[in-house]
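Chemist: got a structure for you, letters missing:
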């Protein structure tokens, strides 16, 4: 199985972004992949909260949705459509949504980002995703060429319980579209991607935004790029730098049972939800 990760540098300009997505997906088809993955916010990145609300589109039937659906159908290829901003009826917030299309252009499902990026970075920049985005609730897994593929988006990467739950359903490949910041990416991107692959013995395909975009007040925000694919042993089998590109990686079906046989974690895993935690005398509960 061959995966092509499309690393973009999206801007607060839908026409530009969709043209770039189409161009890069055409470039990806040169390698005849089974699955093309787009990054988080491939359709729109940056802008104010109001800009994001205005830019949100219909799922199905929106401009970004229709572009990717038609590309999948015309090129007989599966597309994991990174994430786009999904309109939510009359609600003032939107969803950050992954949509997956099969090789006939049929929507096989979607995932709405659960963990929202509300942080203050080390450089003092504040990110308040929840001001514009509502959290999703459900997880999503689909199957392609006999592989079970689990969905997550960007900040979800830091929450191992999400991946643990997907792993309970015997996921073989995690796909993570992202727009990691330059600072957090330098510190945590590689180690977290490799850790998720190792601890859940699955391939990990992480497709990022790269470059920079300007906020309405002129502030420049940089994304980390460095899309990568890790095997179930945690080895990086393909990695990009911080520029617009298409990264292609092969998924070796023999690697999954090989690693799982060497270290049979599924057999050794103990369910801990019903285990009592004992505190030593003098240790006070924190809840």
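Modeler: Now that the structure is in, tell me what you want to look at. Since this is a predicted model, take the numbers as computed values, not measurements.
Chemist: and residue 245, what does it touch?
Modeler: residue 7 (Cβ atoms under 8 Å, 6 or more residues apart in numbering). (C-beta placed from N, C-alpha, C; glycine too.)
Chemist: that one and residue 28: what is the separation?
Modeler: As for residue 245, its distance to residue 28 is 10 Å (criterion: Cβ to Cβ, to the nearest Å).
Chemist: touching, residue 252 and residue 233? I think so.
Modeler: No: counting by Cβ atoms under 8 Å, residue 252 sits too far from residue 233 to count as a contact (11.0 Å).
Chemist: now stretch 215-235: average pLDDT?
Modeler: Averaged across stretch 215-235, the pLDDT comes to 95.
Chemist: span of that stretch from start to end?
Modeler: 36 Å (Cα to Cα, to the nearest Å).
Chemist: contacting residues around the closest residue to residue 92 other than its chain neighbours?
Modeler: Nearest non-adjacent residue to residue 92, counting by Cβ to Cβ, 6 or more residues apart in numbering: residue 53, 6.4 Å away. By Cβ under 8 Å, 6+ apart, residue 53 lies in contact with 92, 93, 94, 132.
Chemist: TSV for those residues, including distance to residue 189, pLDDT and neighbour count?
Modeler: Output for those, formatted as TSV (distance: Cβ to Cβ, whole Å; pLDDT from 0 to 100; neighbours: other Cβ atoms under 10 Å):
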residue	distance to residue 189	pLDDT	neighbour count
92	32	87	11
93	27	93	16
94	25	96	22
132	23	95	21
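Chemist: which parts of the stretch 151-287 of the chain are strands?
Modeler: 173-178, 203-208, 210-214, 220-224, 228-230, 236-239, 245-250 (DSSP state E, counting those that start in this stretch).
Chemist: dump the ones you listed to TSV, plus distance to residue 87.
Modeler: Listed next are these as TSV, based on distance: least, Cβ to Cβ, whole Å:
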stretch	distance to residue 87
strand 173-178	19
strand 203-208	24
strand 210-214	22
strand 220-224	24
strand 228-230	32
strand 236-239	35
strand 245-250	29
